[in-house]
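[1] only geometry, no sequence info:
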Ligand code: FES
């Protein structure tokens, strides 16, 4: 494969979900996808900034898009909320806001014409299964994996729109290509609660506990998510969720690219598999 | 003959069961016309509501395979294709109390809608003589919200309501509140926002189910966001929700990137964060998600500024000034 993208890591891949960045870069390198980090990218607003300053959120993302366009590349992100924020901004600009936001971008000698588009690593991996599946070195045949898509991966479909939002299949196709067995759980398309973990903490904990519990009860060795924010919620807050709800057991949570990396035979250290709150040891013993 | 089967959730006031009805496929069918045909030809006891058959009255919403649709505005073929099956589960709307079969109870919902203080309290300069006019641009800001037909689709799969409806409202209630809050003719926009602030305005999970399900392409989540911004601009800046969102904006202008270490104390206050999040912080350090060195730098110094931070600030300030 020979593809090149303007990489938008987003804040968490440089912070608490650093292992997702490690895994994304390792997998991309292995399958021939070149990721060139957008120089000077800024926070996408994380579905938060617009609640206090909508114009700042739009302006910052217009700048991110303009920076990528200057590189002559489409944007690739490994975070569903970043993807939603960037794609929403692009849609807003394309639907009548281009001229006035470009006036603002001009103050920093930037312009967005609308050519740079925004994609998600999930979509890239799903679209290119035929290219990387032959590179699978360690089929994960002993693993049962429960996908957790994350709201912003599929909703709203008018903005995200990669696949049927009610019955998506990309994650299961990737799990199968990795040699593992997909497990369908009722929480598969539900919310993890991350974006309201402070103002609606109890709700977030109940959602997290439910996903972890259902994965375990349905025989899954782990939850799998293409969104590092879902990962943070399901992994980092799992002990709190367990304590709050009394739902027992530990469910490891993998980033999508960690699973693909394991199947491609990438060393565990390069995938950051030890940087999880819920231990991945038992799962790795099956790989 | 191609046979379609509806497995319909029934309820007679005390007993619940699922009943299957099969019929011949007809590409002209909508979900509603199938229900009507079942009632007319197979089972007159099946209860559902519908009136206009034109996506106007809002009375025919049901769930197909667990997802709300306006039955009269949904082609049978589109759902068969979407689900890849000729067998569909038809249920009453979620997050509503079921009265009978597919009929749900709207009375408690209307009581909750009243809390938005719907109705325009016009500004003083408007009189019976001069009227109560607004420009097309001003109307455009609330036009979409006026399309709401109160069908309930936005509430059906709302993840927050499903978890707990005691501290959150149906998304359409927020849309109605915002419709008055954003109306240029309103004497007191904050009247509606204040009511919503006390009723879960900051508890939306951003699950985007409401935006996805609205058959009129209204975005209740955007209405929630717009009212939060209005409240913030009007000085309602305290609380975990506004403090959390404001921290992202602060970081955006300070360095361009989120400071994860300062985020929690900024949201919860230093004392609460230090006492309540001790085990969380410990587990972050122990797992190597955060190093002590990095945490100290982020807390006391900050992220390094992004390349072109000045440009970002200029862009944001220019937009804000506009
Ligand atoms: S019957 Fe009136 S909206 Fe469907």
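    Arrived safely. Quick caveat: nothing in here was measured; it's all calculated off a predicted structure. Residues are numbered from 1 along each chain as shown, chains lettered A, B, ... in the order given.
[2] got a list of contacts for the helix or strand hosting residue B:252?
    Using DSSP states H and E, residue B:252 sits within helix B:240-254. Contacts of helix B:240-254 with the rest of the structure, by Cβ atoms under 8 Å, 6 or more residues apart in numbering or on different chains, involve A:42-43, A:45-46, A:48-49, A:51-53, A:56, A:60, A:196, A:198-199, B:201-203, B:228, B:231-232, B:236-237, B:257-259, B:262-263, B:266-268, B:302-303, B:305, B:312-313, B:316. Quick note: C-beta positions are derived from backbone N, CA and C, even for glycine.
[3] Show the average pLDDT along whichever helix or strand comes after it.
    On the C-terminal side of helix B:240-254, the closest following helix or strand by DSSP H and E is helix B:260-268. The average pLDDT for helix B:260-268 rounds to 77.
[4] Over to stretch A:131-149?
    pLDDT averaged over stretch A:131-149 gives 98.
[5] close to chain B, is stretch A:140-154?
    Yes. Counting by Cβ under 8 Å from any Cβ of the partner chain, chain B has neighbours in stretch A:140-154: A:151-152.
[6] And that stretch, how far out from the chain middle?
    11 Å (Cα atoms, centre = their mean, to the nearest Å).
[7] nearest spatial neighbour of residue A:11, skipping sequence neighbours?
    residue B:258 (3.9 Å; Cβ to Cβ, 6 or more residues apart in numbering or on different chains).
[8] now residue B:176
    Residue B:176 sits nearest to residue B:116 (Cβ to Cβ, 6+ apart), 4.8 Å away.
[9] Now the buried members of the contacts of helix B:240-254.
    Burial by neighbour count, judged by 16 or more other Cβ atoms under 10 Å in any protein chain shown, picks out A:42-43, A:45-46, A:48-49, A:51-53, A:56, A:60, A:196, A:198-199, B:201-203, B:228, B:231-232, B:236, B:257-259, B:262-263, B:266-268, B:303, B:312-313, B:316 from the contacts of helix B:240-254.
[10] check which helix or strand covers the one residue in the stretch 201-322 of chain B that gets nearest to chain A.
    Closest approach of the stretch 201-322 of chain B to chain A (Cβ to the nearest Cβ) occurs at residue B:311, with a separation of 3.0 Å. Assigned by DSSP H and E, residue B:311 belongs to helix B:309-321.
[11] which residues does residue A:175 contact?
    A:145, A:147, A:181-182, A:224, A:259.
[12] With residue B:209 instead?
    Neighbouring residues of residue B:209 by Cβ under 8 Å, 6+ apart: A:151, A:155, B:154, B:156-159.
[13] do residue A:121 as well
    Residue A:121 neighbours (Cβ under 8 Å, 6+ apart): A:24, A:28, A:76-78, A:226, A:256-257.
[14] One more: residue B:57?
    Contacts of residue B:57 by Cβ under 8 Å, 6+ apart are B:50-51, B:149.
[15] re the thing from before, got the angle for the helix holding residue B:252 vs helix B:260-268?
    140 degrees (axes from the mean of the first three to the mean of the last three Cα atoms, to 10 degrees).
[16] Now the stretch 1-150 of chain A against the ligand: closest residue?
    Closest approach between the stretch 1-150 of chain A and the ligand, counting by Cβ to the nearest ligand atom: residue A:95, at 27.0 Å.
[17] Could you count how many residues lie near that residue?
    Residue neighbour count, defined by other Cβ atoms under 10 Å in any protein chain shown, stands at 8 for residue A:95.
[18] wait, what's in contact with it?
    By Cβ under 8 Å, 6+ apart, no residues touch residue A:95.
[19] Next, it: secondary structure please.
    On the three-state scheme (DSSP: H, G, I helix; E, B strand; the rest coil), residue A:95 is labelled helix.
[20] any low-confidence regions in chain B?
    Residues of chain B meeting the criterion pLDDT under 70: B:274.
[21] ok, now how distant is the closest residue to residue B:287 other than its chain neighbours from residue B:265?
    Spatially, and ignoring its direct neighbours in sequence, residue B:287 is nearest to residue A:277 (5.3 Å; Cβ to Cβ, 6+ apart). Taking Cβ to Cβ, to the nearest Å as the measure, residue A:277 falls 20 Å from residue B:265.
[22] Looking only at neighbour counts, state which of the two leads.
    residue A:277 (21 against 17).
[23] Contact residues of the stretch 51-200 of chain B facing chain A?
    Counting by Cβ under 8 Å from any Cβ, the stretch 51-200 of chain B comes close to chain A at B:65, B:67, B:82-84, B:159-160, B:163-164, B:167-168.
[24] just so I have it, where are all the helices in chain A?
    Using DSSP state H, the helices of chain A run over A:18-31, A:54-70, A:80-92, A:98-106, A:121-127, A:129-132, A:151-154, A:170-177, A:201-217, A:228-231, A:238-245, A:256-263, A:281-284.
[25] just checking, residue B:188 touches residue B:119?
    No. In terms of Cβ atoms under 8 Å, residue B:188 does not count as a neighbour of residue B:119; the distance is 11.5 Å.
[26] Neighbours of residue 112, how many?
    Because you didn't say which chain, this covers chain A. For residue A:112, using other Cβ under 10 Å, the count is 24.
[27] Chain B is the one I meant
    16.
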